[in-house]
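S.K.: my questions are about this predicted structure, shown below with the sequence.
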Amino acid sequence: MHTVETVLLVLMLGALTGIAARYVRGIPLPLIQIALGGLLSWPQQGLHIAFDPNLFLLLFIPPLLFADGWRIPKREFFALARPILRLALGLVLFTVVGLGWLVHWMIPEMPLTVAFALAAALAPTDAVAVSAITRNLGMLGKTMHMLEGESLLNDASGLVALKFAIAATLTGVFSWQAVARDFVWIAVGGIGIGALIGWGFARGRDAVTRRVGDVAATQMVLLLVLLPFAAYIVGERIGVSGILAAVAAGITTNFADLDRSEFVAERMQTEGTWTMVESAFNGAIFLLLGLQLPSIIGQTLKDAGHAGWTLAAWVLAITAALLALRWIWLLIGVQGSLQRAHRAGRLIERPTLLLTLATTLAGIRGAVTLAGALSIPLVLGNGDAFPQRELVIFLAMGVILTTLLLASMGLPLILRRLPPAGEPASAREERHARLAACRAAIASLAIGQDEAASHDAQWLAQRQEVAGRLIQDYRKRIDLLDDEIDNRTPEAEADAPDQVQQRRQRYVAELELRLQGLRVEREALYIERHAHRINDASLRSLVRELDLSEVTTRRRLAVAREAAARGAGRAAQPRQDDDP
C-alpha cells in the first residue's frame with residue numbers, strides 16, 4: 001500500500017476506534033487500537049508498515065509532548081519538582097542497573113551490555129500511554145501531575161542510557177565520565193534550546209499580533225503546531241535531546257500565553273487544533289504499535305529458538321521486576337519527598353501504600369520504548385549481527401502490552417479503594433476565581449465622580465439602569481458560588497440559607513430556558529437558510545455566535561446545578577442545634 005494511503009487509513013481508523021470506544025465500556029482505547037492494528041497486519045496479505053524509529057520519533061512524539069508540556073499545570077509541576085526529578089533521573093538509572101543485571105542473569109546468552117540496552121529502552125514511562133490510560137480513571141490530581149512530569153522528562157535519560165549501552169556493545173568501551181558529561185549536555189542543552197525557540201516564537205508572535213490583532217490567528221496557530229517539530233529537529237541537529245526541546249518549548253509557550261488574554265480567536269482555534277492533533281496522533285501511535293505486533297512475534301519465534309512459553313515467562317518476569325523496582329524506588333527514593341510535599345500543602349493526598357501501588361502500576365511503557373528498541377542497529381562494527389536484537393524487540397513489545405493490560409485492569413480496582421479526597425483543590429480554586437472575577441466586574445460598573453460630572457442626567461439614568469441589570473446577573477452568579485453564607489456582603493447576611501437556595505434554583509431554571517431559546521434560535525436560522533432568505537456565509541456567522549453563547553450557558557448551567565446540589569445537600573444535614 002502506498003505510504004500516503006497508509007497514513008490516511010491509520011488516521012481514519014484512529015478516529016473510528018475513538019468513536020467505538022464510546023460504546024465499548026471497560027476497555028481502554030489504546031488496547032482497542034493495538035488489537036485492531038494487530039488484526040489488520042496478522043494475515044499474510046494484511047497491512048504491513050516498515051517502522052522507521054527516527055521518522056516515528058520525529059512525526060508523532062514532539063507534538064504530543066509539546067502539548068503535554070503546554071497543558072501541564074506549571075505550579076504543580078514546579079512544586080513537585082523534587083519527586084519528579086527523582087523519578088525521571090534516579091529511577092531510570094536504578095532500573096537500568098537493576099533490570100540489566102537481572103535480564104543478563106535470567107538470559108545468559110544475552111550480553112550484559114545488550115541487557116542494559118533493553119533495560120534502558122524499558123526505563124522511561126510513556127507520556128501518551130500514561131495519559132490515555134489514567135485520564136478517565138479518577139487518578140488523584142497531584143499524583144497525576146507527578147506522573148505526567150515524570151513521563152515528560154525521563155525519555156531523555158532513558159534514551160541517553162540506551163545510546164551508551166549500544167555504544168558499549170559496538171565498541172566494548174564504557175566510561176561513566178563520558179556518560180555523565182554527555183547526559184548533562186544532552187539534557188540541559190535540550191531544555192535550553194527548546195526554551196530559546198519557544199521564547200523566540202513568543203516574541204515574534206507578540207510583535208505581529210500586537211500590530212494586526214486576531215486577524216493572523218489562523219496563521220499563528222499553524223506556526224504553533226509546527227513549533228514542536230522545529231524544536232525537535234534543531235535539538236537533534238546540534239546533538240541534544242529533541243524530546244526535551246519539544247517539552248521545554250511547550251512549557252515556555254504556555255508561560256508566554258499568560259500575557260495574551262485579549263486574543264480570543266487565536267486561543268479558541270489553538271484549543272480546537274491541539275485537541276484534534278492529540279486525538280489523531282494518539283490513535284496513530286497505538287495503531288502503529290499493533291501493526292508491528294505480528295511481525296515482531298513471528299520473527300522472534302522464528303529466529304530466537306525458544307519455546308513460546310519461555311518467551312512469555314521472560315516477559316512476565318521482566319514486567320514484574322520492572323514494577324518491583326519502581327515500587328522499591330517509590331518507597332525509598334520518593335516517599336520522603338512526597339511526605340514533605342504533603343506536610344507543606346503542595347500535595348493534598350497523603351502518600352499511602354495503596355497510592356504507591358497505583359503510582360507503580362501507572363508506570364506504563366509505550367511508543368518511546370518500542371522506538372528505542374527498534375533503533376538498535378542490525379549489525380556490529382565488524383559486520384556481525386547485533387546479538388539478540390530480535391529478542392530485545394520482542395521483550396520490549398511484550399512488556400508494553402503487559403503494563404498496558406495491568407494498568408487497565410488494576411488501576412480501576414485500586415483507585416476505587418482509595419479514600420475519597422473530597423472536593424478537589426482545583427474546583428475550590430476555580431470557584432474562588434469566578435467569585436473574584438464577578439466582584440471585579442461589579443466594581444468596574446461603578447460610576448466615578450468625574451465621569452458623572454461629564455454627562456447629563458439622561459445618560460446617567462440609562463447607565464444606572466443597564467449597570468443594574470448586569471449587577472443583578474453577577475449577583476446571581478455569586479449566589480451560586482459563595483458557599484460562605486456567614487461571610488457575605490452586609491445586604492446578604494440577613495438572607496436565610498433556604499432563600500439563597502431558592503435563588504439558586506431559579507437561576508438554574510433561567511439558564512435552562514436560555515439554553516432552550518438558543519436552540520430555537522439556531523433552528524430558526526437553519527429554516528431561514530433552507531428558505532434561501534440568508535446565504536451560507538450569514539448562516540455560519542450567526543450560528544457561530546449562538547454556538548459560543550450556548551457553550552457559555554452550558555458551562556454556567558453545570559456550575560449552577562452543582563451549586564444547587566451542594567446547597568441541597570447541606571440543607572438535608574441536621575444542624576447541631578436542632579432537636580434530635
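M.R.: Alright, I've got the coordinates.
S.K.: show me what counts as buried in the helix or strand where Ala320 lies.
M.R.: Using DSSP states H and E, Ala320 sits in helix 308-329. Across helix 308-329, burial judged by 16 or more other C-beta atoms under 10 Å covers 311, 314-315, 318-319, 321-323, 325-327, 329. To be clear about C-beta, it is placed using only N, CA and C from the backbone, and glycine gets the same treatment.
S.K.: looking at Ala120 now. What's its pLDDT?
M.R.: In this model, Ala120 is scored at 92, pLDDT.
S.K.: apologies, that question was intended for Leu227.
M.R.: 95.
S.K.: and the end-to-end length of stretch 418-430?
M.R.: 24 Å (C-alpha to C-alpha, to the nearest Å).
S.K.: helix, strand, or coil at Tyr23?
M.R.: coil (DSSP: H, G, I helix; E, B strand; the rest coil).
S.K.: and for it, the neighbour number?
M.R.: The tally of other residues near Tyr23 (other C-beta atoms under 10 Å) stands at 6.
S.K.: next one: Asp52
M.R.: 13.
S.K.: now do the helix holding Ala320, average pLDDT.
M.R.: On average, helix 308-329 scores 91.
S.K.: what does it contact?
M.R.: 86-87, 90-91, 94-95, 98-99, 102-103, 106-107, 122, 300-301, 304, 356-357, 360-361, 363, 365, 394-395, 398-399, 402-403, 406 (C-beta atoms under 8 Å, 6 or more residues apart in numbering).
S.K.: can I get it in PDB? Just the C-alpha atoms.
M.R.: The C-alpha coordinates for helix 308-329 follow below in PDB (Å, rounded to 0.1, in the frame of the first residue of the first chain):
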ATOM      1  CA  GLY A 308       6.700 -19.700  23.200                       C
ATOM      2  CA  TRP A 309       6.100 -20.300  26.900                       C
ATOM      3  CA  THR A 310       9.700 -19.400  27.700                       C
ATOM      4  CA  LEU A 311       9.400 -16.100  25.900                       C
ATOM      5  CA  ALA A 312       6.100 -15.400  27.700                       C
ATOM      6  CA  ALA A 313       7.700 -16.300  31.100                       C
ATOM      7  CA  TRP A 314      10.500 -13.900  30.400                       C
ATOM      8  CA  VAL A 315       8.100 -11.100  29.500                       C
ATOM      9  CA  LEU A 316       6.200 -11.600  32.800                       C
ATOM     10  CA  ALA A 317       9.300 -11.900  34.800                       C
ATOM     11  CA  ILE A 318      10.800  -8.700  33.300                       C
ATOM     12  CA  THR A 319       7.500  -6.800  33.800                       C
ATOM     13  CA  ALA A 320       7.300  -8.000  37.500                       C
ATOM     14  CA  ALA A 321      10.900  -6.900  38.100                       C
ATOM     15  CA  LEU A 322      10.200  -3.600  36.400                       C
ATOM     16  CA  LEU A 323       7.200  -2.900  38.600                       C
ATOM     17  CA  ALA A 324       9.100  -4.200  41.700                       C
ATOM     18  CA  LEU A 325      12.000  -1.800  41.100                       C
ATOM     19  CA  ARG A 326       9.500   1.100  40.600                       C
ATOM     20  CA  TRP A 327       7.800   0.100  43.900                       C
ATOM     21  CA  ILE A 328      11.100   0.000  45.800                       C
ATOM     22  CA  TRP A 329      12.300   3.300  44.400                       C
END
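S.K.: tell me the helix or strand right after that helix.
M.R.: According to DSSP H and E, the helix or strand after helix 308-329 is helix 335-343.
S.K.: and that next one with helix 308-329, angle?
M.R.: Computed with axes from the mean of the first three to the mean of the last three C-alpha atoms, to 10 degrees, the direction of helix 335-343 lies at 50 degrees from that of helix 308-329.
S.K.: ok, the buried residues of helix 308-329 vs Phe183, which is closest?
M.R.: Of all those, Trp329 has the smallest distance to Phe183: 18.6 Å, by C-beta to C-beta.
S.K.: I'd say Gly333 and Leu89 touch.
M.R.: No - counting by C-beta atoms under 8 Å, Gly333 stays clear of Leu89, with 10.2 Å between them.
S.K.: thinking again about what came up before, now do the helix holding Ala320: distance to the chain's middle.
M.R.: How far helix 308-329 lies from its chain's middle: 27 Å, per C-alpha atoms, centre = their mean, to the nearest Å.
S.K.: could you do stretch 103-110 as well?
M.R.: Distance, centroid of stretch 103-110 to centroid of chain: 37 Å (C-alpha atoms, centre = their mean).
S.K.: now stretch 530-538
M.R.: 41 Å.
S.K.: spatially central residue for this structure, please.
M.R.: Residue closest to the average C-alpha location in the chain (C-alpha atoms, centre = their mean): Asp68, at 4.7 Å.
S.K.: distance of that one from Ile61?
M.R.: 10 Å (C-beta to C-beta, to the nearest Å).
S.K.: and what of Glu512?
M.R.: Distance from Glu512 to Ile61, by C-beta to C-beta: 45 Å.
S.K.: also Asp259?
M.R.: Distance, Asp259 to Ile61, by C-beta to C-beta: 29 Å.
S.K.: these two: who's more crowded?
M.R.: A direct count of neighbours by other C-beta under 10 Å for Asp259 and Ile61 places Ile61 higher, at 24 against 10.
S.K.: now do the contacts for the more buried one.
M.R.: By C-beta under 8 Å, 6+ apart, the neighbours of Ile61 are 155, 232, 243, 246, 367-368, 371.
S.K.: per-residue confidence at it?
M.R.: Confidence score, pLDDT, at Ile61: 83.
S.K.: just Leu47 next, same as before
M.R.: pLDDT, Leu47: 68.
S.K.: doesn't Glu390 make contact with Ile376?
M.R.: No - assessed by C-beta under 8 Å, Ile376 is found out of contact with Glu390, at 9.9 Å.
S.K.: so for those two, which residue has more residues nearby?
M.R.: Higher neighbour count among Ile376 and Glu390: Ile376, with 22 against 17, using other C-beta under 10 Å.
S.K.: quick one: neighbours of the residue nearest to the more buried one when sequence neighbours are not counted, just the number.
M.R.: Excluding the flanking residues, the one nearest Ile376 by C-beta to C-beta, 6 or more residues apart in numbering is Arg389, at 5.4 Å. Neighbourhood size, Arg389 [other C-beta under 10 Å]: 18.
S.K.: so where do the helices sit in the stretch 451-580 of the chain?
M.R.: Taking DSSP state H, counting those that start in this stretch as the test, the helices found in the stretch 451-580 of the chain are 457-481, 490-493, 497-530, 536-572.
S.K.: where in the protein is the helix or strand with the lowest mean pLDDT?
M.R.: Sorting the helices and strands of the chain by mean pLDDT, DSSP states H and E puts helix 490-493 at the bottom, at a mean of 47.
S.K.: in this structure the residue nearest to Ile376 contacts Leu378, no?
M.R.: Yes - counting by C-beta under 8 Å, Arg389 touches Leu378, with 6.9 Å between them.
S.K.: so where's the stretch 151-300 of the chain uncertain?
M.R.: The model of the stretch 151-300 of the chain has pLDDT under 70 over residues 174, 299-300.
S.K.: what ranges does it have for its strands?
M.R.: For the stretch 151-300 of the chain, strands defined by DSSP state E, counting those that start in this stretch do not occur.
S.K.: for stretch 181-200, buried residues please.
M.R.: Going by 16+ other C-beta under 10 Å, stretch 181-200 has these buried residues: 182-183, 186-187, 189-191, 193-199.
S.K.: stretch 434-453 too?
M.R.: Quick answer for stretch 434-453 (16+ other C-beta under 10 Å): 434-435, 438, 442.
S.K.: stretch 291-301 too?
M.R.: Buried positions in stretch 291-301, judged by neighbour count with 16+ other C-beta under 10 Å: 291-297, 300.
S.K.: now tabulate these in JSON lines and tack on distance to Ile19.
M.R.: Formatted as JSON lines, those follow (distance: C-beta to C-beta, whole Å):
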{"residue": "Leu291", "distance to Ile19": "20"}
{"residue": "Gln292", "distance to Ile19": "24"}
{"residue": "Leu293", "distance to Ile19": "23"}
{"residue": "Pro294", "distance to Ile19": "25"}
{"residue": "Ser295", "distance to Ile19": "28"}
{"residue": "Ile296", "distance to Ile19": "28"}
{"residue": "Ile297", "distance to Ile19": "29"}
{"residue": "Thr300", "distance to Ile19": "34"}
